[in-house]
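Asks: Sequence plus the predicted model coming up.
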Amino acid sequence: GKKPENPAFWWVNERGQQVKWSFEELRSLSRKAANVLSEACGLQRGDRVVAVLPRVPEWWLVNVACMRAGIVFFPGTSQLTAKDILYRLQASKAKCFITDETLAPAVESVLPESQFLKSKLIVGQGNRDGWLNFKDLL
């Protein structure tokens with residue numbers, strides 16, 4: 001018989017929910033995510049993205065998509081305050097910020113002071129005014 005393929009990605013949360021992607025699925029999803037970054041967000045090779053997410057599957061997907069598209073990936077912990085977020089945006093000159101519903105208000109509070117930011121992606125089920133929904137675009 002044929003040996004089953006090992007997953008390229010296997011994520012399990014504290015409730016036991018699992019996400020498994022084969023190498024083919026990861027290739028396809030990361031290609032789609034790279035297209036979201038370059039087309040919907042208007043990013044180009046060398047542009048910077050700040051991603052502040054808990055360790056959900058999308059964190060790894062965005063990371064691989066950035067490598068694929070030549071975009072510089074800046075990860076951040078979800079414990080960042082608005083002051084921390086502003087510092088990272090100004091220091092990195094990031095053009096895109098990716099986060100979930102819980103940290104979006106902190107990002108919004110520093111938007112007037114972040115002159116380089118052009119797009120904001122939210123990961124999750126919710127929608128926010130002025131934010132692109134990553135899952136919808138994917």
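Replies: Now that the structure is in, tell me what you want to look at.

Asks: and whichever strand or helix holds residue 28, what other elements does it pack with?
Replies: In the assignment (DSSP states H and E), residue 28 maps to helix 23-35. If contacts are counted by 3 or more C-beta pairs under 8 Å, 6 or more residues apart in numbering; DSSP states H and E, helix 23-35 sits against helix 57-69. The way it works is simple: take the backbone N, C-alpha and C, and place the C-beta from them, glycine included.

Asks: for the helix it packs on, packing partners?
Replies: Applying 3+ C-beta pairs under 8 Å, 6+ apart, one finds that helix 57-69 contacts strand 9-12, helix 23-35, strand 48-52, strand 72-76, helix 134-137.

Asks: what's that helix in contact with?
Replies: 9, 11, 19, 21, 26, 29-31, 33-34, 36-38, 43, 45, 49, 51, 53, 71-73, 75, 98, 123, 134-135 (C-beta atoms under 8 Å, 6 or more residues apart in numbering).

Asks: starting at the chain centroid, how far to that helix?
Replies: On the basis of C-alpha atoms, centre = their mean, to the nearest Å, helix 57-69 is displaced by 7 Å from the centre of the chain it belongs to.
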